[in-house]
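Predicted coordinates and the sequence they were generated for:
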Amino acid sequence: MNRIVPLILAVALFMEQMDSTVIATSLPAIAHDLGVGPITLKLALTAYMVSLAIFIPLSGWMADRFGAKRVFRLAILVFVSGSILCAIASNLFSFVGARFLQGMGGAMMTPVARLVLVRSTQRSELVGAMALLTIPGLVGPLAGPPLGGFITTYFSWHWIFLINVPIGILGFFLSGIFLPEIEASQPPPLDIKGFILSAVAAAGTMFGFSVISLPALPPAVGIVSVLIGFVCAVLYWRHARRHPAPILDLKLFNDSAFRAAALGGSLFRISIGAVPFLLPLMLQVGFGLTPFQSGMITFAGAIGAITTKVFARRALALLGFRTTLIAAGVAGAALTFVNGLFTPATPYVVMIVVLIIAGLIRSLFFTSVNALSFADIPDKDASKATSMSAVLQQMSLAFGVATAGAILEAENWLTGSHLELSDFQLAFMLISGVTLISILPFLGMAKNAGATVSGHRRVGERQTEAVGSVQG
């Protein structure tokens, strides 16, 4: 495997994933300069996620029609352009518009990068490549808040966006040199009706979840938006069953490995969306730490995520997808529950160790589930699988944040008081229950499911041959 390819893709994805959370701790400073309130400025966070939801379904068709490498490089330029416009924005409208443009670039970067990796990597090498590509999605959201706080405190919030420019330019030129040429094809005509229905379904749901969890608007607006999104999702389901080439192909779920990865991965990602939202708040509200202090503690999870590359491939070769995912799901649920046991008296070293192990387990889970998604998918359907996986990923992450926010709001309403440490502890314990449910889709899988990718069957065959030679 040419390791420079996943490394280039990973750096680009790290830029995109980090940028989705880096402004969280900088909202007050940005809002002050733009002359609006921090709550109002949270619309910028929502605009980014809505843009992702709208354009991700289009990414697979674009990659097939114009070539994955060309679309990926164009996505970097769009993202960098949006970053520059964010840095020079002088009012709320221009800032939100720039964040929407960034989202357009990010919507193409993430699924198309995964498509480039799948089409340029042998199936037997896919686990190692996916491990590199999984790290940015876990490290980026954890690195964003402390980095944003540091840059805003010691420099200026404008550099949060300007730092993307040299990284993006470097990625653009390196991808032009090292990424393999993937021929464009002649896909069926774009499913316009399906695009509109899927865009409204995903954007309505994402917008609604964002409003509910980050109330920049009345919660009723969020609830109505989610309902509209749900209605359009049902209409899209009916449309896709009749259309010969829908923009999001529901026939992918006929593949048992893809179906298990999609369902189990979506449930597990709820905790991935909830924990980065709950933990910094608990450390600040319940423990009295500063945003920068809480960010440095939560960043420990990134250390664990980075180490997964060392052993993910060996674990899958030894245990297979089924056993690895079940074990990682149970361990992930247990570690999320442990977060709910933290108190101000808990030594920082203990918390950091727990978060490092949790980051390792989550990274192992997603390396495995991302590889499983493509284990039995034909190459001709890889672009469809990347689009579908990316949509489900973004929606489950947003649902995780919304779920955590709804739990806190419900506790606040029931007690009639301000949030306390016990409210966060209960939220972690409830989220851990959802995380545990994520193992259910994997229980019915065959032990050797996806063996051509994990190498598990080959390990078993070698062991059998070794036993046979000894007996002989």
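Looks like it came in fine.

what number of residues lie near Phe374?
Residues near Phe374, counting by other CB atoms under 10 Å, number 29. From N, CA and C alone the C-beta is placed, and that goes for glycine too.

Check the spacing between it and His239 real quick.
Taking CB to CB, to the nearest Å as the measure, Phe374 falls 26 Å from His239.

ditto for Gly148
Taking CB to CB, one finds Gly148 at 40 Å from His239.

so where is the stretch 201-350 of the chain shaky, pLDDT-wise?
213-216, 291, 309-310 (pLDDT under 70).

now the helix or strand where Ala75 lies: how far from the chain's centre is it?
Using DSSP states H and E, Ala75 sits within helix 68-88. Relative to the mean C-alpha coordinate of its chain, helix 68-88 is positioned 19 Å out (CA atoms, centre = their mean, to the nearest Å).

Need the CA coordinates for that helix. PDB is fine.
Listed next in PDB are the C-alpha coordinates belonging to helix 68-88 (Å, rounded to 0.1, in the frame of the first residue of the first chain):
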ATOM      1  CA  ALA A  68     -12.700  11.300  -7.700                       C
ATOM      2  CA  LYS A  69      -9.300  12.900  -7.700                       C
ATOM      3  CA  ARG A  70     -10.500  16.000  -9.500                       C
ATOM      4  CA  VAL A  71     -13.500  16.400  -7.200                       C
ATOM      5  CA  PHE A  72     -11.400  16.000  -4.100                       C
ATOM      6  CA  ARG A  73      -8.900  18.700  -5.200                       C
ATOM      7  CA  LEU A  74     -11.800  21.000  -6.100                       C
ATOM      8  CA  ALA A  75     -13.300  20.400  -2.700                       C
ATOM      9  CA  ILE A  76     -10.100  21.500  -1.000                       C
ATOM     10  CA  LEU A  77     -10.200  24.700  -2.900                       C
ATOM     11  CA  VAL A  78     -13.800  25.400  -2.000                       C
ATOM     12  CA  PHE A  79     -13.100  24.700   1.600                       C
ATOM     13  CA  VAL A  80     -10.000  27.000   1.700                       C
ATOM     14  CA  SER A  81     -12.100  29.700  -0.100                       C
ATOM     15  CA  GLY A  82     -14.700  29.400   2.600                       C
ATOM     16  CA  SER A  83     -12.100  29.700   5.300                       C
ATOM     17  CA  ILE A  84     -10.700  32.900   3.800                       C
ATOM     18  CA  LEU A  85     -14.200  34.400   3.600                       C
ATOM     19  CA  CYS A  86     -14.800  33.400   7.300                       C
ATOM     20  CA  ALA A  87     -11.600  35.200   8.300                       C
ATOM     21  CA  ILE A  88     -12.600  38.500   6.500                       C
END
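
Buried ones in that helix, by neighbour count?
By neighbour count on 16 or more other CB atoms under 10 Å, the buried set for helix 68-88 is 68-76, 78-87.

what packs against it?
Here helix 68-88 is seen to pack against helix 4-22, helix 43-66, helix 92-120, helix 158-162, helix 164-178 when contacts are counted using 3 or more CB pairs under 8 Å, 6 or more residues apart in numbering; DSSP states H and E.

Can you lay out those as CSV showing distance to Val391, mean neighbour count and mean pLDDT?
Output for these, formatted as CSV (distance: least, CB to CB, whole Å; neighbours: other CB atoms under 10 Å; pLDDT from 0 to 100):
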stretch, distance to Val391, mean neighbour count, mean pLDDT
helix 4-22, 16, 22, 74
helix 43-66, 5, 24, 83
helix 92-120, 9, 24, 85
helix 158-162, 26, 20, 88
helix 164-178, 24, 16, 87
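
And those helices: which comes nearest Val200?
Between Val200 and those, the tightest spacing by CB to CB is seen for helix 43-66, at 8.5 Å.

Give me the contacts around stretch 270-282.
21, 138, 141-142, 145, 213, 291, 294-295, 297-298, 332-333, 336, 339, 342, 358, 362, 366, 396-401, 403-405, 408, 419, 421, 424-425, 427-428, 431-432, 434-435 (CB atoms under 8 Å, 6 or more residues apart in numbering).

now swap in stretch 172-189 and tell me
In contact with stretch 172-189 (CB under 8 Å, 6+ apart) are residues 2, 4-5, 8-9, 12, 61, 63-70, 72-73, 76-77, 80, 116, 119-120, 244-245.

Which members of the contacts of stretch 270-282 are classed as buried?
Listed as buried from the contacts of stretch 270-282 are 21, 138, 141-142, 145, 213, 291, 294-295, 297-298, 332-333, 336, 339, 342, 358, 362, 366, 396-401, 403-405, 408, 419, 424-425, 427-428, 431-432, 434-435; burial here means 16+ other CB under 10 Å.

I figured Phe207 was touching Val50, is that so?
Yes. Contact between Phe207 and Val50 holds when scored by CB atoms under 8 Å: they sit 5.1 Å apart.

Filter the contacts of stretch 270-282 down to just the ones in helices.
In helices, defined here by DSSP state H, the members of the contacts of stretch 270-282 are 21, 138, 141-142, 145, 213, 291, 294-295, 297-298, 332-333, 336, 339, 358, 362, 366, 396-401, 403-405, 408, 421, 424-425, 427-428, 431-432, 434-435.
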